[in-house]
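Sequence and computational prediction follow.
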Amino acid sequence: MASSLAKIGQSQTAAMLSSTINLSGPERNQITGHTRLPAIESNLSTNAVHPGPRSLHPSLRKPLSRMMSSLNRRRSSQVQQNGGIECVCSGYLQRGGPLPQSHMLAPSVGAGRQFLSQESGFEQLRACTAARLRIAKQKAWGSGRGVRWGGSIQASAAGSSPKEEESEDLGDWPWLQRSREVTHNGAGSQVVNLLRSGVSIHPTAVVHDDAVLAEGVRIGPLCTVGPGAVLGEGCVMHPGSQVAGNTVLGKRNTLHSGAIVGADLPGTTIIGDDNSFGYHSVVGVLCQDLKYKGDDCYLVVGNKNDVREHSSIHRSSRPDLKTILGDNNLIMGSCHVAHDCIIGNHNIIANGTLLAGHIVIQDHVHTGGATAVHQFCHLGSYAFLAGGAMVDRDVPTFTIVHGDRAEMRGLNFEGLRRAGFKTSKVDALRKTYEKLFLSNDPPGLEDRLAIVEANETLASDELARQLILFIKESTSSTSKRRGICKFRHWTDR
Amino acid sequence: MASSLAKIGQSQTAAMLSSTINLSGPERNQITGHTRLPAIESNLSTNAVHPGPRSLHPSLRKPLSRMMSSLNRRRSSQVQQNGGIECVCSGYLQRGGPLPQSHMLAPSVGAGRQFLSQESGFEQLRACTAARLRIAKQKAWGSGRGVRWGGSIQASAAGSSPKEEESEDLGDWPWLQRSREVTHNGAGSQVVNLLRSGVSIHPTAVVHDDAVLAEGVRIGPLCTVGPGAVLGEGCVMHPGSQVAGNTVLGKRNTLHSGAIVGADLPGTTIIGDDNSFGYHSVVGVLCQDLKYKGDDCYLVVGNKNDVREHSSIHRSSRPDLKTILGDNNLIMGSCHVAHDCIIGNHNIIANGTLLAGHIVIQDHVHTGGATAVHQFCHLGSYAFLAGGAMVDRDVPTFTIVHGDRAEMRGLNFEGLRRAGFKTSKVDALRKTYEKLFLSNDPPGLEDRLAIVEANETLASDELARQLILFIKESTSSTSKRRGICKFRHWTDR
Amino acid sequence: MASSLAKIGQSQTAAMLSSTINLSGPERNQITGHTRLPAIESNLSTNAVHPGPRSLHPSLRKPLSRMMSSLNRRRSSQVQQNGGIECVCSGYLQRGGPLPQSHMLAPSVGAGRQFLSQESGFEQLRACTAARLRIAKQKAWGSGRGVRWGGSIQASAAGSSPKEEESEDLGDWPWLQRSREVTHNGAGSQVVNLLRSGVSIHPTAVVHDDAVLAEGVRIGPLCTVGPGAVLGEGCVMHPGSQVAGNTVLGKRNTLHSGAIVGADLPGTTIIGDDNSFGYHSVVGVLCQDLKYKGDDCYLVVGNKNDVREHSSIHRSSRPDLKTILGDNNLIMGSCHVAHDCIIGNHNIIANGTLLAGHIVIQDHVHTGGATAVHQFCHLGSYAFLAGGAMVDRDVPTFTIVHGDRAEMRGLNFEGLRRAGFKTSKVDALRKTYEKLFLSNDPPGLEDRLAIVEANETLASDELARQLILFIKESTSSTSKRRGICKFRHWTDR
């Protein structure tokens, strides 16, 4: 087993390299050129070597299927000796496969470099899941599900009062079913086993046998979990939420009612830890790019993001790109993040913001409500988009833009103040902005940029340097960027 | 029992008073200052003394739990004598507790002052619900659910044709299950009892034992109803809709498929009568205010509102505030009503309208599609927002605003005409508007206001008076308001 | 039977005529005046004679009910002879009723004139469905459902491993239940029969007995299908999707999770083939027109449309109108198509586009994100709406509009190029546009139109002719149209 997977590991390495090469494209430049995106950096590198989806590549399925079925045959005999209580996946992990249990049951995926080290553990989870999916297709399926239903139903039909069981308090979770299931699932090996690892599944939830559920996962009524799903420790699915496709969630993610994470597409959705997905939000689904031809597509989400109701986040449009959401972002209601967007950290995206494809948002950006951004635009760190702004050019770092088509209206002093920059700190930045945008002498922006760069006090200031850097990148003829928003004097309005 | 609850009632009174004090803040001023918001007035006062949520305050839970468990022990013995058919909550109510049944089974909540008088009845409903929730946690739960499942399943497994039962026509409701459940739920005491009181629950719905369902409630397939839910007479839940958290619905509310009302948060969602919640709408959920720290939060909705698909209405961000929706409002699809908004009556909010926090909308306001309003703005009665308007100031009563940032473009004559104001009626209003906004003599708005107020014919006219009042409030240096939208001559465009 | 239906057919003809008359209103003019809308044309005519909904008109229900119940009595005796395995609807169709099976099981509705010829077949489907709905009301219902549940549950309770069954590969559909159901549904006549015709229904789905499911339909977990639903061959319902009301879907439609198609309203929703309805999309539901009084209302959707997540498409506001969506349209996320809109083919409607009532969109139109269109506006073929455009006038064919209120900014050369028009082809069009909109000589547009029409080379050019035609219609005093968007020189910005 270990050796077979090792082989796969090698084939992954090849894929990984090509994948890395792809990433030395424009996206890569944008990131490396920008010094303040650790999360994105790590996500990218993580992703560059992320072998997960490859394990589901058609060419790999048949051999994996064979390998795993023989494995299962061997193991089902063991099961007899163990008294019939264990299930292939989690049982396999619990008895400690090639990797320590900690790795297997709680893949803290998406969490930057840290995940990098778990690559192999993740790979085996995926392989195991993928292979059993194939098997489930051939054998008469549903026994697991049936048993789960049977369990709860026997209980009720018999009407016998279930046995008590001491367990940690699950707080205000009204759907707890544990003690009951444990008592009555005589035949339900998998259920019992899952419950032993502290998983609570409401009897009306539809959880595919091939789904991998870590310790403390709670699945509410009327949820569905597909065969490719991996839920990390303490994930909570509220009533009517769904996990579909090849989707890995880290620890303590919350799916609110109606939330849908992942889709049955080639490729993967990888979610980190402590994210919240709002009511009826749709995350990790098919892009709207008409050029998409069904290749592998990816979404990578970091940690501590809050995606609110009715928002949608699409997967990439090409296998060499990823849609990426970093850490600590708040995506408010009814927002749209299109394919191949790269969003950093600590951004606040207000209701109804529409982000077209290939947009890059750095950190601490704040968009107002009802804004829309043209594809391929970049929003620099601490940029502020006034409500209703229609942005069709890049928004330089630290600046405020407003209107349709959005024009620069000054520096985001409020945002900088809130971020803890003292007035003294932003003085050079202010001077730089004035020299660049509030003066026409010399007439050319390039010339004014040259003057500012020649000014040591300004060029040596970190914030000023960032602003200059962004503008030069955005306006350089080689960068294929869209240039920066128009600007005019405060007095123009 | 009565005495214990009386004690709670007293502790509520204290809370009530402090709450009332809080309400003498800006919101209060806005309302009292504005003479034409009866519904909001009543809701506010209602809410000021609304003790419901307090009954769930942690400090109250344990004592209530003890009190109620002893109560239940006593009553379960009675149940034996009654032949085992009754459930704690509704049975308790039906045998007439301290309050007449009419109060208990149909709390017409949110319906203005009327609800005020039912405070105690509502309080007991909440207490009962809250206490039983605690008990359900300790005892092996789910018998109710199990039995409900068992009932319907025994029926089918046995394949016996259920007994007929005469009942009033339920119209085109295709999910009717009543006769079947009644016939086959030998063990299902609660179900039988609920059905006796004319409740229809589809066997695939997940209804928590602690939910309180009044006469004629119909719950469709695949719905979920949480432990804190109280559904008034004739509420209908379409397939896949949900009621969560401490949520009280009055009579004849309709939840369309995917609608979610309430959330598991401290505080309450209170819905009046005859409201409709559209597909996938999200009402009474967590606010997006980053300052929210998990305190009690409230939403109060009046009567006869129509909230359409994909709209969201958030609860307040502070325990001393409430998000309030009055009566007869139409909130079209994909709208957002943020925390602490106060919306009056007969407003029409068109698709995609985004209302930020703390906005006050009076009556008969009409917003066009794709409009957005800045937080803390006020929209005066009969104001009209042209489609796409980005409003960042107050919109005076009777006026039309347009554009980004929205500017006054005249009076909403069409709206006034539709509201039945004759041309003669609006003559003084027109003159007032002309003197204020179509003239620069004298240059200062304050001076022009003074002139108009000095003009008896204008100052004595009701509509003109309202316009002047609104502008003075909005522009007064003491009111902390944002001032009114810019204005320019008809000819300016 | 056939004769009775023939009679109805005649009554339909009357309705058809009146309906046609109604259609000779403005909508009719717009269409006939416009030469390049085959799909719309056919849909309209189709619709004009579409008898489906009439079969549900109250006045028709009772007689139909009687007729069908007698029919059912006769046929249930036949069922005995057949060994008890068949269900009224699909069995009836399979044994070939008055119409060939191809017509009955796969009504390729909405597909233009083609559907016209199937009118009678569709009529019988509807009649059958409608009548059985009435019957189901009188008899104790639910046996079908019960049996389906019982079947799957017996299986699990017994824990017996289901018998294998050879079947075509259903690809990556993880919810396949066929073999299991077939094995264990001894009592489930309908289920067995449905399965024989190759239908797969997950045991947690709630499918009304009166729903008509064609060969190869797959219904996932936790879906609901109402009594008035007709699903054509190969339709797929993903977990948690719903079909409600009098709704006919053609072949191979996909409902993604949370999608809701149809509503319990008078009238019908008719969907063609190969459409995809996105997550939480809402299609064929009640309009928001306050003038709607509960009459029959319609939505007709053609083929190969892709409606993305959180979008809504409403039914008509009057029985003599239809909301119509043609073929090959892409409606991106969070769009709104209001009542009585008529949308042609190959249009791309970007995220958050709001289309008010009675809008006509021809073909190959492309709207940017966050656009909104005023009710009754027309968008000409190959028009392009820049992101954020607020359109309150007609947008002439081939033109680009931009801004709030949207103004013409030139011709959509990019769109024309993509559509394969060579530069030479668009030369006359360019000249025409220049003469009309980039010149003030003569000052009046009418005069400039006259000059262009007098110019043979321009007037003879197809594209130029179309542009002129559109403008004349839109600006003619008789057409009740809103006129065309403002225009200004390239240099104006």
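Received the coordinates, thanks. Numbers count the residues shown, from 1 in each chain, chains lettered A, B, ... in the order given.

For the rest of this, base every contact and every neighbour count on C-alpha atoms.
Noted.

residues in contact with the residue lying closest to residue A:385 once chain neighbours are set aside?
Sequence neighbours aside, residue A:367 is the residue nearest to residue A:385 in space, at 4.5 Å (criterion: C-alpha to C-alpha, 6 or more residues apart in numbering or on different chains). With C-alpha atoms under 8 Å, 6 or more residues apart in numbering or on different chains as the criterion, the residues that contact residue A:367 are A:348-350, A:353, A:384-387.

and what of residue A:380?
With contact set as C-alpha under 8 Å, 6+ apart, residue A:380 has these partners: A:361-363, A:365, A:394-398, A:470.

what's the burial count for residue A:478?
Around residue A:478 sit 8 other residues, with neighbours defined as other C-alpha atoms under 10 Å in any protein chain shown.

for residue A:473, that is, sorry about that
If we define neighbours as other C-alpha under 10 Å, then residue A:473 has 18 of them.

in a strand, that's where it is, yeah?
No - assessed by DSSP: H, G, I helix; E, B strand; the rest coil, residue A:473 does not belong to a strand; its assignment is helix.

What pLDDT does the model give it?
Looking at residue A:473, its pLDDT reads 94.

The closest residue to it other than its chain neighbours: what secondary structure?
By the measure of C-alpha to C-alpha, 6+ apart, the closest residue to residue A:473 outside its immediate chain neighbours is residue A:479, 6.4 Å from it. Remark: residue A:479 carries the secondary structure label coil [criterion: three-state DSSP].

burial count for residue A:479?
Residue A:479 is flanked by 14 other residues according to other C-alpha under 10 Å.

hang on, it packs against residue A:470?
No - with contact defined as C-alpha atoms under 8 Å, residue A:479 and residue A:470 do not form a contacting pair (11.2 Å).

For the residue nearest to residue A:473, give me the pLDDT.
Reading off the model, residue A:479 has pLDDT 84.

From chain C, how far off is residue A:297?
With distances defined as C-alpha to the nearest C-alpha, to the nearest Å, the gap from residue A:297 to chain C amounts to 17 Å.

Same check on residue A:374?
8 Å.

As CSV, could you dump the C-alpha coordinates of the helix or strand hosting residue A:447?
Using DSSP states H and E, residue A:447 sits within helix A:445-454. Only the C-alpha atoms of helix A:445-454 are listed here, as CSV (Å, rounded to 0.1, in the frame of the first residue of the first chain):
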residue,chain,number,x,y,z
LEU,A,445,2.9,61.1,-14.8
GLU,A,446,6.1,59.2,-15.6
ASP,A,447,8.1,62.4,-15.1
ARG,A,448,6.4,63.1,-11.8
LEU,A,449,7.1,59.5,-10.8
ALA,A,450,10.8,60.0,-11.7
ILE,A,451,10.9,63.2,-9.6
VAL,A,452,9.4,61.5,-6.6
GLU,A,453,11.8,58.6,-6.8
ALA,A,454,14.7,61.0,-7.0
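
What's the first helix or strand after that helix?
Next in sequence after helix A:445-454, counting helices and strands by DSSP H and E, comes helix A:456-459.

Name the residues of that following helix that are buried.
For helix A:456-459, burial by neighbour count (16 or more other C-alpha atoms under 10 Å in any protein chain shown) applies to A:458-459.

Residues in contact with that helix: which ones?
Everything outside helix A:456-459 that qualifies as a contact, by C-alpha under 8 Å, 6+ apart, is A:428-429, A:431-432, A:452-453, A:464-465.

Keep only those of those that are in strands.
Using DSSP state E, no member of these falls within strands.

Between the contacts of residue A:367, which sits nearest residue C:262?
Residue C:262 lies nearest to residue A:353 out of the contacts of residue A:367, by C-alpha to C-alpha, at 29.0 Å.

Let me see the contact set for that closest one.
When the contact criterion is C-alpha under 8 Å, 6+ apart, the partners of residue A:353 are A:334-336, A:367-372.

The closest residue to residue A:356 other than its chain neighbours: neighbour count?
For residue A:356, the nearest residue in space outside its immediate sequence neighbours is residue A:375; the separation is 4.6 Å by C-alpha to C-alpha, 6+ apart. Neighbouring residues of residue A:375 were enumerated by other C-alpha under 10 Å; the total is 20.

Then residue A:390?
Residue A:390: 29 surrounding residues under other C-alpha under 10 Å.

is it in a bridge, and if so with what?
With DSSP bridges as the criterion, the beta-bridge partners of residue A:390 are residue A:372, residue A:404.

With residue A:299 instead?
residue A:269, residue A:323.

That one: neighbouring residues, count only.
The criterion is other C-alpha under 10 Å. On that basis, residue A:299 has 29 neighbouring residues.

quick one on the thing from earlier: between the contacts of residue A:367, which is nearest chain B?
Using C-alpha to the nearest C-alpha, the shortest approach to chain B within the contacts of residue A:367 belongs to residue A:387, at 7.3 Å.

Which residue, neighbours along the chain excluded, lies closest to the closest one?
Excluding its sequence neighbours, the residue lying closest to residue A:387 (C-alpha to C-alpha, 6+ apart) is residue A:368, at 3.9 Å.

in terms of contact, does that neighbour touch residue A:385 like I think?
Yes - with contacts defined as C-alpha under 8 Å, residue A:368 counts as touching residue A:385 at a distance of 5.6 Å.

out of these two, which sits in the more crowded spot?
Remark: of residue A:368 and residue A:385, residue A:385 carries more neighbours, 30 against 21, as counted by other C-alpha under 10 Å.

so the more buried one touches residue A:400, yeah?
Yes - applying C-alpha under 8 Å as the test, residue A:385 and residue A:400 come out as touching, 6.0 Å apart.

Sheet-wise, list the partners of the helix or strand containing residue A:230 with their directions.
Per DSSP H and E, residue A:230 falls inside strand A:229-231. Strand A:229-231 pairs in its sheet with strand A:212-213 (parallel), strand A:247-249 (parallel), by DSSP bridges.

List the contacts of that strand.
Contact partners of strand A:229-231, identified using C-alpha under 8 Å, 6+ apart, comprise A:106, A:210-214, A:217, A:243-251.

got the residues of the stretch 251-400 of chain A near chain C?
A:258, A:280, A:282, A:288, A:310, A:312, A:334, A:354, A:370, A:372, A:390 (C-alpha under 8 Å from any C-alpha of the partner chain).

ok, now with 7 Å
Residues of the stretch 251-400 of chain A found near chain C (C-alpha under 7 Å from any C-alpha of the partner chain) are A:310, A:372, A:390.

What residues does residue A:283 make contact with?
Contacts were defined as C-alpha atoms under 7 Å, 6 or more residues apart in numbering or on different chains; by that measure residue A:283 touches A:260-262, A:312-314.

rewinding a little: out of the residues of the stretch 251-400 of chain A next to chain C, which is nearest to chain B?
When these are compared for distance to chain B, the smallest value, 7.0 Å, is given by residue A:310; criterion: C-alpha to the nearest C-alpha.

Count residues in the vicinity of the nearest residue to residue A:484 once chain neighbours are set aside, would you?
Closest residue to residue A:484 in three dimensions, ignoring its sequence neighbours and counting by C-alpha to C-alpha, 6+ apart: residue A:394, at 4.4 Å. Under the neighbour criterion other C-alpha under 10 Å, residue A:394 is assigned a count of 27.

Roughly how far does residue A:296 sit from residue A:315?
Applying C-alpha to C-alpha, to the nearest Å, the value for residue A:296 to residue A:315 is 9 Å.

follow-up on the earlier one: now render the contacts of residue A:380 as a markdown table, adding secondary structure, pLDDT and distance to residue B:417.
Converted to a markdown table, the contacts of residue A:380 look like this (DSSP: H, G, I helix; E, B strand; the rest coil; pLDDT from 0 to 100; distance: C-alpha to C-alpha, whole Å):
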| residue | secondary structure | pLDDT | distance to residue B:417 |
| --- | --- | --- | --- |
| A:361 | strand | 97 | 48 |
| A:362 | coil | 96 | 51 |
| A:363 | coil | 96 | 51 |
| A:365 | coil | 98 | 45 |
| A:394 | strand | 98 | 47 |
| A:395 | strand | 98 | 46 |
| A:396 | coil | 97 | 49 |
| A:397 | coil | 97 | 50 |
| A:398 | coil | 97 | 48 |
| A:470 | helix | 96 | 54 |
